[in-house]
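Visitor: Output the structure for:
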Amino acid sequence: MDIPPPSYWQEFERLTLDVCRIRWKDDYAERHGRDGQSQSGVDVYGHNHASSCELSGVQCKKRKNKSKGLEVPAHSLSTEEIDEEISAASSFQPHLRRFIIATTGERDEKMQGHVRLLNAANKHPFQVALWFWDDYVDFLNCNENVMYKYFSSVLRYRKTYSEDEHYLRMLALAFDRPAIRTTFRLENRATDFIAAISGLQQAVKTGTLKDRDGHTIDEARRPSKLGPELKAIGRLLTDVRNLATDGLVRGAIVDHGTVIEIREESLQHRLNALRRDVVDTLNILLHHANIEPVEVENF
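Guide: Numbering: from 1, shown residues only. Model (predicted):
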């Protein structure tokens, strides 16, 4: 399916972050800094667990729209810009092992050849790669959850859009996070865990998925008739949140900055078991809809 690139630079950057988290298998990849801050030429960074866990950074190229004054994704790239971005990213700390320049322009052999020669010269602390919009389209066509998140209007236009499928894919994205997939002892803060569970409850109840700052990530129409699985997921999430909250209040769970202390082993086992029940129930719905299941670690 041919997909038009985003009209706004911020949406292109958010899409790039999701691409990185999936391609790199890194839940903790994140956007770097904010507008107005020195970013050392890097918009998104994380560890590529699919390739020797190398520290990687991405620069999303943008342009100023001359007529409207808005920043938009760049549709072109020059060898001079490549060199400038590499120079800026060389100051990123700690040093990157791979640096990627992303643009919404079409794949360009001249730019690719320039990068191959730079990599062969081995004059920089990292290897350089280019992502063109063609690469994003290939990714999106193989990752329908992300497609529904950013380009549901395209699916509607192509008459392949399903409200129920959008809702389920939104849930698949929502539940594919450390608060659900990893053992409880690896959480950094119990309060963050409880907030994440509350966010999932809202996603199930309203069809709106928000990030930790309250910004809407994805929005889908909630099915008018909730099946038994969705009702069970809601009840199980409530049990998880109440159990974690009670443990924190009683002192069975203690926050220590960036780590937690669990003083009741049985509490951890109950939280792990409940979350696995949540995922198993959700995966029943995803299986019936031919959607990839949410995978959890063996805990």
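
Visitor: residues touching Phe126, list them.
Guide: For Phe126, the contacting residues are Ala89, Ser90, His95, Leu96, Arg97, Arg98, Phe99, by C-beta atoms under 8 Å, 6 or more residues apart in numbering. The C-beta positions use only the backbone N, C-alpha and C, and glycine is treated the same way.

Visitor: change it to 10 Å
Guide: 54-57, 86, 89-90, 92, 95-100, 119 (C-beta atoms under 10 Å, 6 or more residues apart in numbering).

Visitor: So which of those is the closest to Ile253?
Guide: Leu55 (31.9 Å; C-beta to C-beta).

Visitor: my read is the closest one is in a strand, agree?
Guide: Yes - Leu55: assigned to a strand according to DSSP: H, G, I helix; E, B strand; the rest coil.

Visitor: Going along the chain, name the helices of the protein.
Guide: All helices of the chain, identified by DSSP state H, fall at 9-23, 79-89, 109-121, 133-142, 144-157, 163-175, 178-181, 190-206, 228-250, 265-288.

Visitor: Out of these, which is closest to Glu71?
Guide: helix 9-23 (4.4 Å).

Visitor: Buried residues, that closest one. List them.
Guide: 9-10, 12-23 (16 or more other C-beta atoms under 10 Å).

Visitor: any idea of the pLDDT on Met1?
Guide: At Met1, the model reports a pLDDT of 63.

Visitor: make that Lys149, sorry
Guide: At Lys149, pLDDT is 89.

Visitor: That one contacts Tyr167, doesn't it?
Guide: No - Lys149 lies out of contact with Tyr167 (C-beta atoms under 10 Å); the separation is 11.8 Å.

Visitor: list the residues that contact both of the two?
Guide: Joint contacts of Lys149 and Tyr167 (C-beta under 10 Å, 6+ apart) are Asp218, Glu219, Ala220.

Visitor: Give me the domain ranges for this structure.
Guide: 9-140, 162-288 (automatic domain parsing).

Visitor: if we compare the ones you listed, which one ends up closest to Arg156?
Guide: Of those, nearest to Arg156 by C-beta to C-beta is domain 162-288, at 9.7 Å.

Visitor: same question for the closest one, mean pLDDT?
Guide: 91.

Visitor: so how far is it from its chain's centroid?
Guide: How far domain 162-288 lies from its chain's middle: 16 Å, per C-alpha atoms, centre = their mean, to the nearest Å.

Visitor: what distance separates the start and the end of it?
Guide: 14 Å (C-alpha to C-alpha, to the nearest Å).

Visitor: what's the answer for stretch 199-216, then?
Guide: For stretch 199-216, the end-to-end distance is 11 Å (C-alpha to C-alpha).

Visitor: Tell me the buried residues in that stretch?
Guide: Gly199, Leu200, Gln201, Ala203, Val204, Gly207, Leu209, Lys210.

Visitor: so what's the closest residue to the last one other than its chain neighbours up against?
Guide: In this case it means Lys210. In space, and not counting its chain neighbours, Lys210 is closest to Thr216: 5.5 Å by C-beta to C-beta, 6 or more residues apart in numbering. By C-beta under 10 Å, 6+ apart, Thr216 lies in contact with Thr208, Leu209, Lys210.

Visitor: Please verify my assumption that the last one contacts Gln202.
Guide: Yep, that's Lys210 we're talking about. Yes - Lys210 is within contact range of Gln202, at 7.1 Å (criterion: C-beta under 10 Å).

Visitor: any common contacting residues for these two?
Guide: Going by C-beta under 10 Å, 6+ apart, residues that sit against Lys210 and also against Gln202 are Ala174.

Visitor: Can you lay out the domains of the chain as TSV showing distance to Leu155?
Guide: Listed next are the domains of the chain as TSV, based on distance: least, C-beta to C-beta, whole Å:
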stretch	distance to Leu155
domain 9-140	11
domain 162-288	8
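
Visitor: who wins for proximity to Ser153 among those domains?
Guide: domain 162-288 (11.3 Å).
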